[in-house]
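Student: here is my input, please return the structure:
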Amino acid sequence: MANRIIAGRYQLVRKLGIGGMGKVFLVADQEHQGNYLALKTLRRNKMQEKYLQYFRAEFMLSRQLSH
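Tutor: Residues are numbered from 1 along each chain as shown. Predicted structure coming up:
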C-alpha cells in the first residue's frame, strides 16, 4: 500500500495503527511538500449511521488540535 496516491493528493507512507473502527495511515500531502498527516479509514462493517456520527465527532475534535 505504500506510495499509493489517495484523492490525487495524498501519498500513503505507512500504516500507523489499527483499531476497532478502522485503520490510521501516515500520508504525505503532495500539494504542500513536507507536510505529513494522519488519515483514518473506517471498516466497511462500521458504515452504519451511529458509527458515522462518532467518526464525524472525532474528526471535529481533531481539527481543534494545534500541535
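Student: where does the chain have low pLDDT?
Tutor: Along the chain, the parts satisfying pLDDT under 70 run over 67.
Student: what's near enough to touch the residue positioned nearest the centre of the chain?
Tutor: Closest residue to the average C-alpha location of the chain: Leu39 at 1.6 Å, with C-alpha atoms, centre = their mean. Neighbour list for Leu39: 6, 10, 12, 24-27 [criterion: C-beta atoms under 8 Å, 6 or more residues apart in numbering]. C-beta: built from backbone N, CA, C; applies to glycine.
Student: now intersect those with the strands, please.
Tutor: Among the contacts of Leu39, DSSP state E puts 6, 10, 12, 24-27 in strands.
Student: which entries within those residues meet the buried criterion?
Tutor: If you count burial by 16 or more other C-beta atoms under 10 Å, the buried members of the ones in strands among the contacts of Leu39 come out as 10, 12, 25-27.
Student: how many other residues sit next to Ser66?
Tutor: With neighbours defined by other C-beta atoms under 10 Å, the count for Ser66 comes to 4.
Student: mind checking the SS state of it?
Tutor: Assigned with DSSP: H, G, I helix; E, B strand; the rest coil, Ser66 falls in the coil class.
Student: which residues of this protein fall in helices?
Tutor: 49-62 (DSSP state H).
Student: neighbours of Val13, just the number please.
Tutor: Val13: 17 neighbours (other C-beta under 10 Å).
Student: what sits closest to it if chain neighbours are left out?
Tutor: The spatial neighbour of Val13 that comes closest, neighbours along the chain excluded (C-beta to C-beta, 6 or more residues apart in numbering), is Leu26 at 4.4 Å.
Student: is that neighbour in contact with Gly17, as I believe?
Tutor: No: using C-beta atoms under 8 Å, Leu26 is not in contact with Gly17; the gap is 9.9 Å.
Student: using CSV, please lay out the buried ones among the ones in strands among the contacts of Leu39 together with distance to Leu65.
Tutor: Converted to CSV, those look like this (distance: C-beta to C-beta, whole Å):
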residue, distance to Leu65
Tyr10, 18
Leu12, 21
Phe25, 17
Leu26, 16
Val27, 16
